[in-house]
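*Asks:* heads up, no residue letters with this:
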């Protein structure tokens with residue numbers, strides 16, 4: 001990743017700033033339920049897994065979907081990867097579940 005940062009950040013950027021990577025935020029408490037998809041052949045894989053762990057430690061509900069055979073950006077290429085449909089389906093299902101739960105809490109519905 002260090003080799004790729006120069007494409008996105010100025011040379012003087014502090015890579016530990018939460019604005020660059022939310023993994024480095026001082027607290028993750030109070031964040032909304034989160035769905036994270038990681039790919040095994042992605043330089044961001046381990047950061048995504050660590051972020052999910054930090055969120056869980058802070059009491060944030062997290063769903064982590066790991067596609068070990070996939071590459072970065074696979075969810076943007078349904079014509080190249082069969083797994084894209086499954087990943088997007090899992091994200092939609094998780095988000096629907098989070099929104100339904102939020103609605104029940106807010107409006108007292110079951």
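*Replies:* Looks like it arrived, so ask away. The shown structure was predicted, so the numbers you read here are calculated from the model rather than taken from an experiment. Numbering: from 1, shown residues only.

*Asks:* From here on, just use CA atoms for contacts and neighbour counts.
*Replies:* Will do.

*Asks:* Which residue lies nearest the spatial centre of this structure?
*Replies:* Closest residue to the average C-alpha location of the chain: residue 36 at 3.0 Å, with Cα atoms, centre = their mean.

*Asks:* now the strands: where do they sit in this structure?
*Replies:* With strands called from DSSP state E, the chain shows them at 34-41, 62-71.

*Asks:* Using TSV, please lay out these together with distance to residue 21.
*Replies:* What follows is these, written out as TSV (distance: least, Cα to Cα, whole Å):
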stretch	distance to residue 21
strand 34-41	14
strand 62-71	17
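
*Asks:* Give me whichever of these is most buried.
*Replies:* Counting by mean count of other Cα atoms under 10 Å, strand 34-41 has the highest mean neighbour count of these, with a mean of 18.

*Asks:* Pull out the buried positions in stretch 93-103.
*Replies:* 94-95, 98, 101 (16 or more other Cα atoms under 10 Å).

*Asks:* From residue 60, how far off is residue 29?
*Replies:* Distance of residue 29 to residue 60, computed by Cα to Cα, to the nearest Å: 7 Å.

*Asks:* Endpoint to endpoint, stretch 66-82 covers what distance?
*Replies:* Distance across stretch 66-82, first residue to last, is 15 Å (Cα to Cα).

*Asks:* likewise stretch 16-26?
*Replies:* The first residue of stretch 16-26 is 11 Å away from its last residue (Cα to Cα).

*Asks:* One more: stretch 22-42?
*Replies:* Start-to-end span of stretch 22-42 (Cα to Cα) is 18 Å.
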